[in-house]
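Trainee: Sequence isn't available, so here's the structure alone:
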């Protein structure tokens, strides 16, 4: 009788762990899918994600994969145009690079 109860406990525990692993994989896949969205859409999605999810899910590896890009070191940056912070003009990379060397720095200093 005691063996049967022990097997039942082991079976229930195995099912629980399998379900937890499946939920972890599905949540990680959903997070990766959110990371592949535009920054605005990603921010809107992440505003609804509880903080504990960032502890449980592999946020950094997923982020590094989702936002890796396709450029290799040494390749020229693709052309883009952005509005200046104060004013009504637009800066285009291809125009700026003709005038002088350009250094692109992406990051947050907050």
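Mentor: Alright, I've got the coordinates. None of the values given here were measured: they were computed from a predicted structure.
Trainee: going forward, measure contacts between C-alpha atoms and count neighbours the same way
Mentor: Will do.
Trainee: Which positions within stretch 47-65 qualify as buried?
Mentor: Neighbour-count burial for stretch 47-65, counted by 16 or more other Cα atoms under 10 Å, picks out 57, 62.
Trainee: Show me the contact partners of it.
Mentor: 24, 27-28, 31-32, 35 (Cα atoms under 8 Å, 6 or more residues apart in numbering).
Trainee: Tell me how far the residue most central in space within the chain lies from residue 35.
Mentor: The chain has residue 63 as the residue nearest its centroid, 3.1 Å off, counting by Cα atoms, centre = their mean. With distances taken as Cα to Cα, to the nearest Å, residue 63 is found 7 Å from residue 35.
Trainee: Residue 22 now?
Mentor: In terms of Cα to Cα, residue 22 sits 20 Å off from residue 35.
Trainee: who has more neighbours, these two?
Mentor: Under the criterion of other Cα atoms under 10 Å, the comparison of residue 22 against residue 35 puts residue 35 first, with 22 against 12.
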